[in-house]
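J.: next input, structure requested:
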Amino acid sequence: MAGHEGRHVCLGVVVGAHGVRGAVRVKSFTADPADVAAYGPVSTEDGARTWPIRRIGTAKGVVLCHLDGVTDRDTAEALKGVRLCVPRAALPQSDGEDGEFYHADLIGLRVEREDGTPVGTVRAVYDFGAGDMLEVSPQDGGRGALVPFTRAAVPVVDLDGARVVVADGPGLLDADASAAGDTEAAPEHANG
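T.: Residues are numbered from 1 along each chain as shown. The predicted structure is shown next:
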C-alpha cells in the first residue's frame, strides 16, 4: 500500500502502573484488547523509545503488560499517558471487504464527490461513540467538515487509488446547506 509504509498506528496508551515490578496497565485500542502485544515491539509516537512488550494479564478493562527494561513501579508510573505504537507495516493488511479499515490507512486520502470533483483530504478519524467520523480538510483551506463513515455517506473507499468518495447527500460537505437549514429553523423555534 503506497504511502503508508512510514506511518505508525497507536495500539494503546499506558494508564498507570500495576504492582511493584514494573508492569503497566494499558488501555488497548485494538479490536481484541489482548492484541496490544501481538505485533512486536512498541514505541512512543515519535519513535524515541522502543520496548519489546509482553501481555501478562487483564484487570478491570485494561491489559496488563510488561515492557522490557521497565522493572519498578516508579518507572512504570512515569510512562502514564505514553501512547504505544507500531509501524503500520507490522499490522495485517485490511482489504476493506468487511467494511473495516485502519484509521492510519484513511488519513491523507483524497476526498471526492460522486462526480469526481475534488473536495479535500481526510485529516483525522474520530469515534465519538456513535460510529466513526471522517474529518475532511477542504482543499480551498476553508472550514473542515465531519462526515459519518458509513456506506451511505462514503460509498467508495479506494485505498489503491488513495481516495474516498462522499455521497451527494444533504448537508454532507455542504456548509451553505446546513447554515441555510439552521437559518430557516430559527424563526420557527423563536415563534414556537
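J.: could you chop this protein up by domain?
T.: 8-90, 103-191 (automatic domain parsing).
J.: among those domains, which gets the worst mean confidence?
T.: Of all the domains of the chain, the minimum mean pLDDT falls on domain 103-191 (a mean of 77).
J.: spatially nearest residue to the residue nearest to the spatial centre of the chain (excluding sequence neighbours)?
T.: Against the mean C-alpha coordinate of the chain, by CA atoms, centre = their mean, the closest residue is residue 103 at 4.2 Å. Of all residues not flanking residue 103 in the chain, residue 125 sits nearest, at 4.1 Å (CB to CB, 6 or more residues apart in numbering). All C-beta atoms are positioned from the backbone trio N, CA, C, and that covers glycine.
J.: before we move on, what about residue 163?
T.: residue 110 (4.2 Å).
J.: who's in contact with that neighbour?
T.: Contact analysis of residue 110 by CB atoms under 8 Å, 6 or more residues apart in numbering lists 118, 120-121, 162-164.
J.: how about residue 83?
T.: By CB under 8 Å, 6+ apart, residue 83 lies in contact with 10, 12-13, 44-45.
J.: please redo it, this time with the cut-off set to 10 Å
T.: 8, 10-14, 29, 42-46 (CB atoms under 10 Å, 6 or more residues apart in numbering).
J.: same question, residue 73
T.: 16-24.
J.: most neighbours out of these, which is it?
T.: Sorting the contacts of residue 73 by how many neighbours each has (other CB atoms under 10 Å) puts residue 24 first, at 30 neighbours.
J.: surely that one touches residue 81?
T.: No: look at residue 24 against residue 81 with CB atoms under 10 Å: they stay out of range, at 11.1 Å.
J.: overlap in contacts, the two.
T.: Going by CB under 10 Å, 6+ apart, residues that sit against residue 24 and also against residue 81 are 13-16.
J.: good, we can wrap up now.
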